[in-house]
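**Q** build me a model from this:
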Amino acid sequence: MRRREFLQSSIAAGAGIRHLRNSDAGAAESRPAQSCSLPFPKTPGLTQYVADFVVRTQLADIPSAVIEIGKKSLLDGMGLALAGSKLPTADILQSYMHLLGFNGTLTTGASVVGTSSKLPPRFAAFANGVAIHVEDFDDTQLAAAKDRVYGLLTHPTVPVLPAAFSIAETIQKSGKDLMLAYHLGVEVETKIAEAISPRHYEDGFHSTGTCGVFGGTAACAKLRGFDRASVERAFAVAASQASGLRENFGTMMKPFHAGHAAEIGVLSTDLVKLGWSGAPGILEASRGFFHAFGGTYDPAAIMDKLGKPWTFASPGVSIKPFPSGSLTHPGMTELLRLIRTEHIQAADVEQVEVGTNHNLPNALIHHHPKDALQAKFSMEFCLAILLLDGKAGLTQFTDAVVNRPDVQEMIARVRFYVDPEAEATGFDKMTTIIKVHLKNGRIINGRADFGKGSPANPMTYEEVAEKFYGCADFADWPNDKAKQIVELVRKLESEPDMHRLSALCTR
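**A** Numbering: from 1, shown residues only. The predicted model follows:
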C-alpha cells in the first residue's frame, strides 16, 4: 500500500481550510470525523519483528555517527530535567509522592534529577519525564515523507531516557548499556509514530504519550535482558496504557503525557518480569494499537525499517533553541535573524504577518495566551516576545511576562494565517513566511522551512552544552557538577556504571 493512498482521506480533511484571522483564529477547526475506506493492512509478525530488533541489536550495530548525535539529545534531556525540577509541577509531584508515603527518606531506588529524592523506578521515571517536557524545550522527531505532518510525530527522548535512566541506575548498568537501550527505544518509538495514520494526531491523540510508551518499554526491556516473547508481552501491557489528548496542550497535562509514557516503560517491564501476560501481535492485530488508535497505518514505514536508516541519521531529530512548541521555531529563527540584520525595533512595528500550512495552527492553538503554558503554543506570543525582548528563553516563558501590557499589545499586532505558498511546500516542512510591516510603510520579508537545531541547521555538541548550562543555571546547579555532566555524557561509553551520573544530577 502506498503511503499517499492511505493518507488521502486524512489530508483531504484540511484541503479546504481558509485563512485564519485574529478575529476567529481561536475557534477550533471544524471538520467531520474521517474513516478509512481502505482495508486495514495485514502484516503478520510485525510486533515480533520489533521485539526481535530490540533483543538482537547491539551497540556495535549502531553507526558511530548516530551514537554521537544521540549524545546531544541525551545531554539535552538531562539539562531539561534539571530545569524542570524547579517548576511548579515538580512541587506538586513531590507533594503527591508524600501522600503515597514516599517522604524523601528512601535510601535506595532511582534518582529524581535536580533533587535529593529517590523513588521506586516507575515514579522516578514519571517525575523526570514530566520535568524534561514541562517547558516543551525537548527534542522533536522529523517526518520522512512529503505527505507526513511534522507536528504529529513525537518528542523522542522524553519517553525513553527517564525510563532507561531509572532502570540503569538501579540495576547497575554501564554507560554503554544505557546508550544502547536509549537508541533502541528512540528508534522503536519514532518508527511507530511514522507508521501510524495522521488521523491519530489530527483527531486529538498526543503521539509522545501514545507512541512513546513503546520507546520506554523497549529501552527497559533491553536493559533487563528480555527475550523476544517477553518484549512482545511488555509491548502488549504498554499498548493498553498508551494515552494523551492534544486538547490538554498548554496545561500541565502535556508533560504528564510524556512522564506517563516513561513510567509505563518501567511498569510494563516490571509486570512482565513477574509473569504478567499480554496479547501477541499488539501492534498489527485487528483490535490492536494501530487499528484502535489510528484506524490504519503504513507497514512500509516500519516493517524491515528499524535501523534502516536510524531515525537519528535520517530524517533526523531537532534539538530546540526555544522553550516552545517546535512548530514555532522556523518563524522564531527567521524573525530573530531579521531583527538582527534589519535592526528592527518593536516600537517601529505596525503588524507582523506569519503564514504557514494549516497543520501549524492546528497545534498552535492559543492565539491570546494568558499564561506561560499557553504561550508555548502561541505563534503570536513567540514572535511578540522576540520583538520586545530580543530573546525567548526560560525566563521569558513565565505568567508575569505573558501578561505584561506591552506583550499583550504586541500579540494583538501578530496575524497568524494559513498561506497557500506554505501549504504547497508539503507537510514534511514547517515553511513559515514572515512579513514585518513597519510604521513607515516598509515591509521586511523572510521565510524559513526549518529552525535552528533541526538537521538542516543542527546544533553542535558545544551548542547543546551551552543550552545545558543555561538549564543548569536556571536550576541553580553547581557549575562544577554541570561541567562534569557535559564531559561525562561526551564519553558516556566509557562510564562503568550510572552512579556517577546520578550523583552529578542530584543534590
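**Q** show me the shaky parts of the stretch 1-150 of the chain.
**A** 1-37, 144-150 (pLDDT under 70).
**Q** for it, just list every one of the strands.
**A** Listed in chain order, the strands of the stretch 1-150 of the chain (DSSP state E, counting those that start in this stretch) span 110-111, 118-119, 140-141.
**Q** could you do the stretch 401-507 of the chain as well?
**A** For the stretch 401-507 of the chain, the strands defined by DSSP E, counting those that start in this stretch occupy 414-418, 432-438, 443-448.
**Q** looking at those, which is closest to residue 404?
**A** Go through those one by one with Cβ to Cβ and the one that ends up closest to residue 404 is strand 414-418, at 15.1 Å. Just so you know, the C-beta spots here come from the backbone N, C-alpha and C atoms, and that holds for glycine as well.
**Q** give me the pLDDT value at residue 427.
**A** Each residue has a pLDDT score; the one for residue 427 is 78.
**Q** phi first, then psi, for it.
**A** Dihedral angles of residue 427 (phi, psi; degrees, to the nearest 10) stand at phi -90, psi 0.
**Q** where's it relative to residue 211, distance?
**A** Residue 427 sits 18 Å away from residue 211, taking Cβ to Cβ, to the nearest Å as the criterion.
**Q** if we can go back for a sec, in CSV, list the strands of the stretch 401-507 of the chain along with mean pLDDT, mean neighbour count and distance to residue 379.
**A** CSV is the format used below for the strands of the stretch 401-507 of the chain (pLDDT from 0 to 100; neighbours: other Cβ atoms under 10 Å; distance: least, Cβ to Cβ, whole Å):
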stretch, mean pLDDT, mean neighbour count, distance to residue 379
strand 414-418, 97, 21, 5
strand 432-438, 98, 20, 9
strand 443-448, 97, 16, 13
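**Q** can you list the ones you listed in TSV and add distance to residue 244?
**A** Conversion of those to TSV gives the following (distance: least, Cβ to Cβ, whole Å):
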stretch	distance to residue 244
strand 414-418	25
strand 432-438	26
strand 443-448	29
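**Q** between the strands of the stretch 1-150 of the chain, which one is nearest to residue 53?
**A** The stretch from the strands of the stretch 1-150 of the chain with the least distance to residue 53 (Cβ to Cβ) is strand 140-141; that distance is 17.8 Å.
**Q** including mean neighbour count, could the strands of the stretch 1-150 of the chain go into JSON lines?
**A** Formatted as JSON lines, the entries for the strands of the stretch 1-150 of the chain read as follows, by neighbours: other Cβ atoms under 10 Å:
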{"stretch": "strand 110-111", "mean neighbour count": "28"}
{"stretch": "strand 118-119", "mean neighbour count": "23"}
{"stretch": "strand 140-141", "mean neighbour count": "26"}
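**Q** mind putting these in TSV, distance to residue 264 included?
**A** Rendered in TSV, the data for these read as follows (distance: least, Cβ to Cβ, whole Å):
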stretch	distance to residue 264
strand 110-111	15
strand 118-119	16
strand 140-141	19
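**Q** how about those strands, which one is nearest residue 503?
**A** Taking Cβ to Cβ as the measure, those were each checked against residue 503, and strand 110-111 came out nearest at 8.3 Å.
**Q** which outside residues touch stretch 396-410?
**A** 135, 323-324, 346, 349, 369-372, 374-376, 381, 384-385, 387-389, 395 (Cβ atoms under 8 Å, 6 or more residues apart in numbering).
**Q** go again with 7 Å.
**A** Counting by Cβ atoms under 7 Å, 6 or more residues apart in numbering, the neighbours of stretch 396-410 from elsewhere in the structure are 135, 323-324, 346, 369-372, 375-376, 381, 384-385, 387-389.
**Q** those residues: which two are farthest apart?
**A** Longest span within these, Cβ to Cβ: 135 and 346, 24.3 Å.
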